[in-house]
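> this is a predicted model, with the sequence first.
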Amino acid sequence: MPAASLFEAELSRRTLVRGGGALIVGLALGARLTGQAAAAASPFASNGPADSMQSDSYLAVLADNTVHVKTGRVEIGQGSATGLLLLVAEELDMNVDQLVFVRQDTNVTPDTGGTFGSSSIAQAGQRVRAACAAARQSLLTLASQQLGVPTANLSVSDGVVSGGGGSVTYGALVGGRLLGVPLPAQILDPGQAPAKPISAYRVAGISEMPRLDIPAKVMGTYTYIHNVRVPGMLHGRLIRPLGQGAYGDGTLTQIVSIDERSIAGLGDARVVRRGNFAGIVASREYDAIQAAARLRVVYRNPPLISGSGNLFSEMRRLDAAGLAPQRTQIQVGDVDAAIAGAAHTVTRSYAYHYQGHMPIGPSCAIGDVTATGALVLGNMQDAYGMRVNLSALLGLPENRIRVQYWEGASTFGNSPARFDAGEAAAVMSQLAGAPVRLQFMRWDEHGWDNYGPAILSDMRGGVDNKGNLVALDYTAYGIPSLSMRSDATTQNAGIPLEPAGLGLADTINSGTQYAIPNRRVAAKSMQLWDTFFKTSALRAPHCPQTCFASEQLVDELAYAARIDPYEFRLQNIATAQVNDGFGQWRDALAAAARLAGWQPRVAASDLSKENIVSGRGIAIGGFASSQAAVVADIEVNRRTGKIMLRHLYGSLVAGFAVYLPGIENQIEGNLIMGASRALHEAVPFNTRRSTALDWVSYPILRFVEAPRVSTTIVQRKDLASTGAGEPPSVPVAAAIANAFFDATGTRITTAPMTPATVRATLAAS
């Protein structure tokens, strides 16, 4: 079945078992190769993960001389699938057109970890590359035997091995049989033999090939999870209050009563319920939507949310009451003495509000649960992690719960990073006795997100009379983030909540960028239960918040020393080894300044009294072992308080950059999303619940506001690949804030930098 015909198609269990075409690419093949043919007769067979140290777990060579590549990672719009295939093409000496990327499936693909942390190329790519290198050596040995030519005299092009006047394809050598080749012992350093040296690469790190998934998406033939239908499927909607409360009793729905008579006459719509988990199912989707809106439900009020109306004052109140124990994470030198003896010092506090993932397309999943097994299709970033949760929820063994990835609206939202949509669809299917397609409504997505944490940062720093940083002291008031198990479905269905951990401070962006002889990083852990919202990873977790504070403090110290912000950073940039190399921070900083045509001068040295003023700022920050820098050109309307972005320049050092167009896409997307978070995004809430329910209560950057964007990648083939999906977002807010100071001579210490915040900041100055 071609991919285009899957749109709105009904997919039977028989189709699933056959592995029909684009639905489960390579499913039947994978079952045969792993010796699981009997188990695969069930659509619920979930026999993965295969041995992670065998090349057959990652590759299947078919008789038609194509290779199905099983990376264990998913394509969520970041382009890493194309990048991974470039690595395979290099190591096997094949054309990318001969490769098929196999969707994540717990009966087919290996477990290489979740697709998060900007780790697909850096981590899964390592394993795939090693598997290909080992497989190629085995294939050359087979070809040598068949052609009667020593392996050293063989050459390979497009999967055809040639030598001695003869040739044979990879497909003819093995054609669907197991290779039985283990991954090399040096898997953690695949730059050694038998992997091809990067200097010999011909496409990876060089190719400008378009992303493989883009044509179908542009032409409207790409199949998203929202488009999939299965026979006998019911449509589902969640029954939850509009907006969650604080983690604990505030995230427990706590249903007092449901009046099912209130949905009479809406087709076959009915309530399904397990404890405090409830939903509507119906044959017609609109009936389910109407019934969910019309159903009369009485909920018990959640506890009062701590800090309603003054979040950051509440953090200080808890600290003063001894309810925010401090944990020192880094202690180097004598910070207090160094600051006391510094020529110039700065002390400042910065605040960064809760923010949400908020995908424009709401989460969706399909659950098909029976007494003997379960199949869940959805936009999750970790199929094996979801399978663990589903086993506890459904009371089924893991090898009878098959989880399969289908791309959704984006990686940002409840479904991918967490498992809420997939788990809820499965529970509803189990209760309804039929497959259920569940799609969130906007208020489900916004109101029940796992928010990015609000962070209050206290900072101190000092420089000597030569402009050298002598000390940096950073204390974060941290809200503990939660693991994959902390979603509303598990809690409301009766799974106990996980205990809150410690709130941690981001150590990457709190001075690591610079050579600072005296440095302290500490976190004061906020109590979470019935106090603050549940939070989790949101693009470069904790890093934009920390960078907003620390890179402004660095800018303030440059100003105190009367040194240009770029030159001050260059003077103090870190020189220690980072990962497996040197100079990455300097490379990122210099590349962004060069891209922007930076002209050195002391910040805020050319202030204007006009209503609209302009400024330029710079900042550096990192995540996932990569380094990024951003220059922001802005205008500020003093009267309205609106910050207008004119141009953002972004650079990235991500070690060996495998797929250049994909990384360019990532830098652009990070800059735009970072700008939206910096200027608009904050989760509003009242005394009981989140009130972020739509795009009015939670605004984002509009097209008309989008700045021009310029990007540059610093290629470092001497280094291992590091992350590219998140790091460029880290310095954006700080660069804009530093540009605001350059334009106005006033520091803005709260993000997002909304017009109201700008007006209040200017008025206070």
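Done, it's in. Numbers count the residues shown, from 1 in each chain.
> ranges for the strands of the stretch 151-300 of the chain?
For the stretch 151-300 of the chain, the strands defined by DSSP state E, counting those that start in this stretch cover 155-157, 160-163, 166-169, 234-238, 255-259, 270-274, 277-282, 296-299.
> mind exporting the C-alpha coordinates of the fourth one to CSV?
This points to strand 234-238. Extracted C-alpha coordinates of strand 234-238, given in CSV (Å, rounded to 0.1, in the frame of the first residue of the first chain):
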residue,chain,number,x,y,z
LEU,A,234,-14.7,4.6,18.2
HIS,A,235,-13.8,8.2,18.6
GLY,A,236,-12.8,9.4,22.1
ARG,A,237,-12.5,12.7,24.1
LEU,A,238,-11.2,13.2,27.6
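> and that strand with strand 277-282, angle?
140 degrees (axes from the mean of the first three to the mean of the last three C-alpha atoms, to 10 degrees).
> tell me what strand 234-238 is packed against?
The helices and strands touching strand 234-238, judged by 3 or more C-beta pairs under 8 Å, 6 or more residues apart in numbering; DSSP states H and E, are strand 277-282, helix 285-294, helix 420-432, strand 436-439. The C-beta positions use only the backbone N, C-alpha and C, and glycine is treated the same way.
> quick one: closest of the ones you listed to residue 694.
Distance to residue 694, taken as C-beta to C-beta, is lowest for helix 285-294 among those, at 14.5 Å.
> stretch 320-330: end-to-end distance?
This stretch, stretch 320-330, spans 23 Å end to end (C-alpha to C-alpha, to the nearest Å).
> re earlier: mean pLDDT added to the helices and strands packed on strand 234-238, as CSV?
Formatted as CSV, these follow (pLDDT from 0 to 100):
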stretch, mean pLDDT
strand 277-282, 98
helix 285-294, 98
helix 420-432, 96
strand 436-439, 98
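> quick one, which of the ones you listed gets closest to residue 136.
Minimum separation from residue 136 across the helices and strands packed on strand 234-238 (C-beta to C-beta) falls at helix 420-432, 36.9 Å.
> report the distance from the closest one to the chain centre.
Distance of helix 420-432 from the chain centroid (C-alpha atoms, centre = their mean, to the nearest Å) equals 24 Å.
> give me the domain ranges for the chain.
As assigned by automatic domain parsing, the chain contains the domains 3-222, 227-303+363-439, 311-355+451-764.
> of all those domains, which one is nearest residue 445?
Closest approach to residue 445 among the domains of the chain (C-beta to C-beta): domain 227-303+363-439, 6.0 Å.
> between the two ends of the closest one, how far is it?
One end of domain 227-303+363-439 to the other measures 11 Å (C-alpha to C-alpha).
> heads up, I number from 38, so please use that
Yep, numbering from 38; the last one is domain 264-340+400-476 now.
> about what we covered before: need the strands of the stretch 188-337 of the chain in TSV with mean neighbour count and distance to residue 477, can you?
Converted to TSV, the strands of the stretch 188-337 of the chain look like this (neighbours: other C-beta atoms under 10 Å; distance: least, C-beta to C-beta, whole Å):
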stretch	mean neighbour count	distance to residue 477
strand 192-194	14	48
strand 197-200	20	49
strand 203-206	16	47
strand 271-275	25	7
strand 292-296	13	19
strand 307-311	18	16
strand 314-319	25	11
strand 333-336	13	17
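> how about a markdown table for those, with distance to residue 744 added?
Output for those, formatted as a markdown table (distance: least, C-beta to C-beta, whole Å):
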| stretch | distance to residue 744 |
| --- | --- |
| strand 192-194 | 45 |
| strand 197-200 | 49 |
| strand 203-206 | 50 |
| strand 271-275 | 37 |
| strand 292-296 | 46 |
| strand 307-311 | 47 |
| strand 314-319 | 42 |
| strand 333-336 | 43 |
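> that older thread, in CSV: the domains of the chain, plus distance to residue 482.
Formatted as CSV, the domains of the chain follow (distance: least, C-beta to C-beta, whole Å):
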stretch, distance to residue 482
domain 40-259, 16
domain 264-340+400-476, 6
domain 348-392+488-801, 9
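> looking at those, which has the lowest confidence?
Confidence, taken as mean pLDDT, is least for domain 40-259 of the domains of the chain (a mean of 81).
> out of the helices and strands packed on strand 271-275, the one nearest residue 370 is which?
Closest to residue 370 of the helices and strands packed on strand 271-275, according to C-beta to C-beta: helix 457-469, at 44.9 Å.
> so what touches the closest one?
Residues outside helix 457-469 that contact it (C-beta atoms under 8 Å, 6 or more residues apart in numbering): 271, 273, 275, 309-311, 314, 316, 318, 400-406, 411, 413, 415-417, 423, 426-427, 430-431, 440, 451-452, 472-475, 477, 485, 524-527, 530.
> can you give me the helices in the stretch 438-587 of the chain?
In the stretch 438-587 of the chain, the helices defined using DSSP state H, counting those that start in this stretch lie at 451-454, 457-469, 479-484, 525-529, 580-597.
> ok, which of these comes nearest residue 291?
Closest to residue 291 of the helices of the stretch 438-587 of the chain, according to C-beta to C-beta: helix 525-529, at 8.8 Å.
> and that closest one, what does it pack against?
strand 314-319, helix 420-431, helix 457-469.
> 10 Å instead?
With contacts taken as 3 or more C-beta pairs under 10 Å, 6 or more residues apart in numbering; DSSP states H and E, helix 525-529 sits against strand 271-275, strand 307-311, strand 314-319, helix 420-431, helix 457-469.
> dump those to a markdown table, plus distance to residue 114.
Formatted as a markdown table, the helices and strands packed on helix 525-529 follow (distance: least, C-beta to C-beta, whole Å):
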| stretch | distance to residue 114 |
| --- | --- |
| strand 271-275 | 25 |
| strand 307-311 | 32 |
| strand 314-319 | 28 |
| helix 420-431 | 17 |
| helix 457-469 | 17 |
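> buried ones in the helix ranked longest in the chain, by neighbour count?
Secondary structure of the chain per DSSP state H: the longest helix is helix 162-184. For helix 162-184, the buried set under the neighbour-count rule, 16 or more other C-beta atoms under 10 Å, comprises 162-177, 179-181, 184.
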